[in-house]
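S.K.: Here is the input, now give the coordinates:
(4 chains)
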Amino acid sequence: MFKTFFEGIVKNNPVLVLAIGLCPTLAVSTSAFNALGMGAAVIFVLTFSNLIVSSFRKVIPDSLRIPIFIIVISTFVTIVDYVMKAYLPGLSKNLGVFVPLIVVNCIILGRAEGFAYKNPVGKAILDGLGSGIGFTLAIFIMGTIREILGQGTWMSIPGGFEGFKVLGQGFLNYPVLFMILPPGGFLVIAFLMGGMRYFEARRSA
Amino acid sequence: MKDILKPTFVLLITAMVASALLAVVYEKTSPEIEKRAKEKLLDNLKTVFPVEGAEYKPIIKDTLWCVEKDGKRLGIIFVNGMRGYASVIKVIVGVDTTGKIVGVHIPKEGLSETPGLGMKVTEPWFMEQFKGKREEEVKLKKDGGTLDAITAATISSRAATNAVRSGMEKYKKYLKEEEKSENEWYHKHLSEFFPDAEIEECGNNFWVAVKDNETLGSIYLSYGEGYGGKFGVLVAVKDGKIKDIYIQSPDEGFPETQEFGCKVREHTYLKKFIGISPDEAGKIDDVTGATITSEAVKKAVVSGYKRVGGE
Amino acid sequence: MKLLKFKGGVHPHDHKELSKSSQIMPVPAPEFVYVPLSQHTGAPSKPIVEKKAQVKKGTRLSEPVGFVSVPVHSPVSGTVMGIVPYYHPLGKKMDAIKIKVEGDEIEDGIGEERDYSNMKKEEMIEAIKMAGIVGLGGAAFPTHVKLSPPPDKPIDTVIINGAECEPYLTSDYRLMLERPDDIIKGTEIIRRILNPKRVVIGIEDNKPDAIQILREKVDGTGIEVVSLPARYPQGSEKQLIYAITGRKVPAGGLPFDVGCYVQNVGTAIAIYEALRFGKPLYERVVTITGGVNKPGNFLVPIGTPASHVIEQAGGVKGEVGKIIFGGPMMGLAQITDAVPVIKGTSGILIQLKNEVHIEDVYPCIRCSSCVDVCPMGLMPNMMEMLINAGKYEMAEKMGLMFCIECGCCSYVCPSKRPLVHTFKMGKREVLKRRKK
Amino acid sequence: MYISSSPHIRKDWNVKKIMYGVVIALMPAFIGSIYFFGWRAAYLTFLSVVTAVLTEYLFQKITKRKITAFDGSAIITGILLAFNIPVKSPWWLPVVGSFFAILVAKQFFGGLGYNIFNPALAGRAFVMASWPQIMTGRWSAPLHGSISGIDGITSATPLNLLKLHATDPAVLSRINSPEMLKNLFIGNVGGCIGETSALLLLIGAIFLFVMRYADWRISVGYIGTVFVVAWIFYLTGLTPAGPLFHILSGGVFLGGLFMATDMVTSPVTPAGRWIFGIAGGLICMLIRVWGGYPEGVSYSILFMNMFVPLLDRVRPKYLGEVKK
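M.R.: Here you go, the predicted model:
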């Protein structure tokens, strides 16, 4: 039962292994806090859409499943969007269009179609949580690396906490801006994917 | 038929449930969102024009506000944008009625300039340097102005400064209006010079007193630059000679120091002007201890007279 | 007519000075000769002698199988020891007739002068075929096949190839100096068979004395002698045709597609000897050069092991590094000095151990030297990459099959990549796949 | 006895010779940089080269590859990277740049021969993106001249003059003056360590062309296009500087002679090389006139690097190729 949960985190990590949902991953992983916010939004949407899809899987007609998935997903996304705007406006501004874009995030549609539609509710929720946490972990690690190298801080919150000054003043003066620019995102994700493959290969060898 | 109806029905139900759910969420969150937005806006307005107890009245929605306190206009705040390096740089600027910048704020949100470069326009030191600048000074040093540009981000710095300057130009007329109404102090004095006459405005801070189709005299308003700032002088002229003279009082915005500058407002000094031609005002002795201010008064009288064409 | 320069090519040091001035010397027969049954392009011939049969110089040992095939003849007189698998310059063991040399008799009739002026075209071609004549430039393509172009492709230009662009080799050069009359007579025979409009002898301009002698000799015959710029691979058929006529042999086509016929000077002499003296091709001129004590040009009986020939050239100067049959650009390195000389062997080059450079192979740095020098206008670097990636179809599209293996690309490659080797393997693989 | 496929003789050159040939060709400009900017130029170049070689060596050691760190290519990358940074850069800038260039842009792609982008330019792009304030804000005057090539203007390099002060009549009147052009040609102006002297770079490049270590088509195409396009733009008023100013200023000579001609990252066919050079020059001018940066050389070359596989398809017709 819990295999489903852990598979989503490590073996089938959506970002680092399946390489899906890369667009938001690259775009919002410029800081650890943004990444956490995005991750939380995805976990929420993923878990609840899995729950709904799985619960109603017997009544959803096959021919209509995709439109219905989209409606379900977009409903939860809109909820997240409103709530974020109301209670975390700074984060909402930073994540920008990528929160509404969760609707078309292939992780969520993929899990709904590939897993929740075929499995019982309990498993579907665990799968949603697992994949969501897998996504969050990946994007959080990326956000951490990029923020520390690119800004010299960690966990800075827009309009709030300045962040832990991890690498000292010299670094704050001359941070590696490259890392928070898009190419830096590609570089970091390439490293993470490569590392993942390397360890996977070592473990199975 | 059933093939069409059933899916339609299912889809309809789904959509309705979803809409209902969203409606509830919207109902709950929208006041909060609006409240946040308002707070944020007020926050910004307060940063650029911080006056205790001031009111910010919108003139053009989301673009222009006037700052009022106790019914008196203190200045305006405007929002203006200019294409920067990678995005439009939005500036929020407070300008007081004399045309000086009170504060500039460049919000980080929605700005996508290069991090560490163009993004630095949002750093306090950059926004600070606008304070107290007049329109013509709002230029980068490179372009002959007074402001420092951000190293290696000339385009963003220039866009931000240009946004401030072009905004000031665009909304100048709102300040001009203010100048008039703000300087209302002289209106009540106009009638004091020619008690029975009707005062007709001829524009250009020049009035003519008329009684029974007969011109009794004229009044002009002129400004002098004293030790502490600008002050106004009203001069009534009759038959080419100064009939009376009035200098703005401290309540009306006279900027000079109480102990020295204010001496020029004393009757003993002003008396010296009466009866002479405004041309000859320069000959009058200065008030001891208030040379700059007295010189300013004399200059104002002479220049004002010249301006209105010597009657 | 203005000469056209073919694109690409290289200028390696030619080292011809080693053997240039040495006259052609006959080599005495060794103890045993090994005459391979296949010394030409096409089907191997079928032996007609048996073990212990007595043969003389010029005795026919086999008969051709099919049209593209020629017989072999005994270069010596002696006893057939049997048909044994033996080393072959192509690198593998092939059937060869082993003959023990005894005496020095010549087959009856060979050497008598005959009058061939009344022979018909077909008779001449048949005589050339049965004399076992193949192209002596190296490719060893049966000459009678070349002399019978399809009727719809008339030959209007005959080119006698005296370019000898391979470094080190001087056998053709010596022939031109020593036997210019025979070359011209052979050429006249070819002219009679093909009836072309134009006959040209092409010689590289680094052999001015050969050009001069031939120019004197051709006077009044209507044969032109053309001086070609010295540039490897000038002697390659397609490059030669382009330089002399400006025609481009279509990819995958043969010279007769553009009305041309190219023949080596040595072959011209062989044709003349076959018709005039009835002498089959059982010996040829071979340049022995490189790390030998007395480099020179030798008339070697076909089937003589290389070791014997090398001895005649004074033996190897030091430790043998490589024994190369042919020139350094296209020749084949041999595994042993027991390999016999065959009809296509124009030279034997000995490289001493210290002359053989085994250099580090670097990755291709895309310097494009190979593209610049390829005389066929191919892109060797890309083809190599594709072949190494197993993408044979794409390599074929880039013209792999039209590679003439001249070696220019490998020669210039600063990364020392074995380009020609790869192409040979690639071609073999493509052919294998085509068969399937 | 050795057996190998033909040919059995090889031209007397190899990768090492080519690479060290390029290093030699860079020496005039290197010595010039010491003359213009002082010993710090040598110090930064030294750091950059050492880092490049060391990075390559360690990577190959750790990943158990054949050690080719001393074949000269890493030295070239190190020198070119140092040539592309201002002399006032902190010591760690060339170190980080070289490290990135060798590790990410070269070794991760498979090492020498497999990299898509010119490693030195990729390294430069990295430090440029990361520390633009250093890369574009810290110009210093040469020891015996002024930063802009014009007396009295001390804040900007020639190209910055063009980008930022193009409206100043004092600049306009002297930007095409013989004095300016002479300073640019000799290299007596502010700029990156190795890019300022067109003369010294040209000396090195002629050596390369003569030795056939670089292809002249790319250089002629690149610099020629910058010249022609600049001329057209000058005549149409799009840029106040004349064509000579454009080719002599900034990194056109360094880029066009040494970086665009990098064998690994340029096309192999003559036609491809012409296109590569001409398109590169055009992009450089587009960036200079309409782009956000005053200089467009490095990005134009990096941009064209991406098209190399495509340009390699512009292959010559082989002899006797039949149209299908």
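
S.K.: all strands for the stretch 201-311 of chain B, in order.
M.R.: Secondary structure of the stretch 201-311 of chain B (DSSP state E, counting those that start in this stretch): strands located at B:206-211, B:214-225, B:230-238, B:241-247.

S.K.: In a markdown table: those, plus mean pLDDT.
M.R.: Shown next, in a markdown table, are the strands of the stretch 201-311 of chain B (pLDDT from 0 to 100):
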| stretch | mean pLDDT |
| --- | --- |
| strand B:206-211 | 81 |
| strand B:214-225 | 81 |
| strand B:230-238 | 82 |
| strand B:241-247 | 84 |
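
S.K.: List the contacts of D:Arg273.
M.R.: Taking CB atoms under 8 Å, 6 or more residues apart in numbering or on different chains, we find D:Arg273 in contact with C:Ser368, D:Asp215, D:Arg217, D:Ile218, D:Gly221, D:Ser266, D:Pro267, D:Leu311. Using the backbone N, CA and C atoms, a C-beta is placed for each residue, glycine as well.

S.K.: out of the strands of the stretch 201-311 of chain B, deepest packed?
M.R.: Scoring the strands of the stretch 201-311 of chain B by mean neighbour count under mean count of other CB atoms under 10 Å in any protein chain shown gives strand B:230-238 as the most buried, with a mean of 22.

S.K.: related to what we said a few turns ago, can I get the strands of the stretch 201-311 of chain B in a markdown table including distance to C:Pro26?
M.R.: Below are the strands of the stretch 201-311 of chain B laid out as a markdown table (distance: least, CB to CB, whole Å):
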| stretch | distance to C:Pro26 |
| --- | --- |
| strand B:206-211 | 132 |
| strand B:214-225 | 122 |
| strand B:230-238 | 123 |
| strand B:241-247 | 135 |
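
S.K.: out of those, nearest to chain D?
M.R.: strand B:214-225 (32.6 Å; CB to the nearest CB).

S.K.: Would you give the sheet partners of the closest one, along with the direction of each?
M.R.: Strand pairing for strand B:214-225, using DSSP bridges, gives strand B:206-211 (antiparallel), strand B:230-238 (antiparallel).

S.K.: I'd like those as JSON lines, with distance to B:Lys299 appended.
M.R.: Formatted as JSON lines, the strands paired with strand B:214-225 follow (distance: least, CB to CB, whole Å):
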{"stretch": "strand B:206-211", "distance to B:Lys299": "18"}
{"stretch": "strand B:230-238", "distance to B:Lys299": "9"}
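
S.K.: Mind checking the ones you listed for the one nearest to C:Pro75?
M.R.: Minimum separation from C:Pro75 across those (CB to CB) falls at strand B:230-238, 123.7 Å.

S.K.: Give me the distance between D:Phe276 and D:Pro267.
M.R.: 5 Å (CB to CB, to the nearest Å).

S.K.: what touches both of these two?
M.R.: Each of D:Val308, D:Leu311 lies in contact with both D:Phe276 and D:Pro267 under the rule CB under 8 Å, 6+ apart.

S.K.: okay, and for the stretch 51-200 of chain B, where does confidence drop off?
M.R.: For the stretch 51-200 of chain B, residues meeting the criterion pLDDT under 70 lie at B:176-184.

S.K.: Now do the strands in it.
M.R.: Using DSSP E, counting those that start in this stretch, strands in the stretch 51-200 of chain B cover B:55-60, B:64-69, B:72-83, B:88-96, B:101-105, B:198-201.

S.K.: thought C:Pro12 was touching C:Tyr411?
M.R.: Yes - using CB atoms under 8 Å, C:Pro12 makes contact with C:Tyr411 at a distance of 6.4 Å.

S.K.: shared neighbours, the two?
M.R.: Taking CB under 8 Å, 6+ apart as the contact rule, C:Pro12 and C:Tyr411 both touch C:Met329, D:Ile9, D:Lys11.

S.K.: From these, list just the buried residues.
M.R.: The neighbour-count test (16 or more other CB atoms under 10 Å in any protein chain shown) marks C:Met329, D:Ile9, D:Lys11 as buried among the shared contacts of C:Pro12 and C:Tyr411.

S.K.: among those, which are in reach of chain B?
M.R.: Among these, not one lies near chain B by CB under 8 Å from any CB of the partner chain.

S.K.: out of these, who's nearest chain B?
M.R.: Looking across these and measuring by CB to the nearest CB, the closest to chain B is D:Lys11, at 47.8 Å.

S.K.: Leaving out sequence neighbours, find the closest residue to the closest one.
M.R.: Nearest residue to D:Lys11 in three dimensions, chain neighbours excluded: C:Val412, at 4.9 Å (CB to CB, 6 or more residues apart in numbering or on different chains).

S.K.: My guess is the one you found contacts C:Val10. True?
M.R.: Yes - using CB under 8 Å, C:Val412 is in contact with C:Val10, at 6.1 Å.

S.K.: Give me the more crowded residue out of those two.
M.R.: Higher neighbour count among C:Val412 and C:Val10: C:Val412, with 25 against 22, using other CB atoms under 10 Å in any protein chain shown.

S.K.: Pull the distance from the longest helix along chain A to the chain's centre.
M.R.: Counting residues, the longest helix found in chain A (DSSP state H) is helix A:121-151. Distance of helix A:121-151 from its chain centroid, counting by CA atoms, centre = their mean, to the nearest Å, is 5 Å.

S.K.: avg pLDDT for the next helix or strand after that helix?
M.R.: Moving toward the C-terminus from helix A:121-151, the next helix or strand (DSSP states H and E) is strand A:153-154. Strand A:153-154 shows a mean pLDDT of 86.

S.K.: what does strand A:153-154 rub up against?
M.R.: A:Ala32, A:Thr144, A:Glu147, A:Ile148, A:Glu162, A:Gly163, A:Phe164, A:Lys165, A:Val166, A:Leu172.

S.K.: pLDDT wise, what is residue 35 at?
M.R.: The chain I'm using is chain A. Value for A:Ala35, per-residue pLDDT: 91.

S.K.: my question was about chain C
M.R.: At C:Val35, pLDDT is 93.

S.K.: B:Gly310 now?
M.R.: 56.

S.K.: excluding its backbone neighbours, what's nearest residue 55?
M.R.: No chain in the question, so chain A it is. A:Ser55's closest residue in space is A:Val121 (CB to CB, 6+ apart), at 5.5 Å.

S.K.: think we crossed wires, I meant chain C
M.R.: Going by CB to CB, 6+ apart, C:Val55 has C:Ser74 as its nearest residue, at 4.2 Å.

S.K.: Can you report how many residues lie near that neighbour?
M.R.: 28.

S.K.: show me what contacts it?
M.R.: Residues near C:Ser74 by CB under 8 Å, 6+ apart: C:Val33, C:Val35, C:Val55, C:Lys56, C:Lys57, C:Gly58, C:Thr59, C:Arg60, C:Leu61, C:Ile97, C:Ile99, C:Tyr282.

S.K.: Mind doing that once more with 10 Å?
M.R.: Contacts for C:Ser74 (CB atoms under 10 Å, 6 or more residues apart in numbering or on different chains) come out as C:33, C:35, C:49, C:53-61, C:80, C:97, C:99, C:101, C:107, C:280, C:282, C:301-303.

S.K.: Can you say which helix or strand has the closest residue to A:Thr78 other than its chain neighbours in it?
M.R.: The shortest distance from A:Thr78 to any non-neighbouring residue, by CB to CB, 6+ apart, is to B:Leu22 (5.6 Å). Per DSSP H and E, B:Leu22 falls inside helix B:2-48.

S.K.: now that helix, how far from the centre of its chain.
M.R.: Offset of helix B:2-48 from its chain centre (CA atoms, centre = their mean): 41 Å.

S.K.: Residue 90 - how many residues pack around it?
M.R.: If you meant another chain, say so; for now it's chain A. 18.

S.K.: should've been chain C
M.R.: C:Leu90 has 16 nearby residues by other CB under 10 Å.

S.K.: Touching, it and C:Thr41? I think so.
M.R.: No - with contact defined as CB atoms under 10 Å, C:Leu90 and C:Thr41 do not form a contacting pair (11.1 Å).
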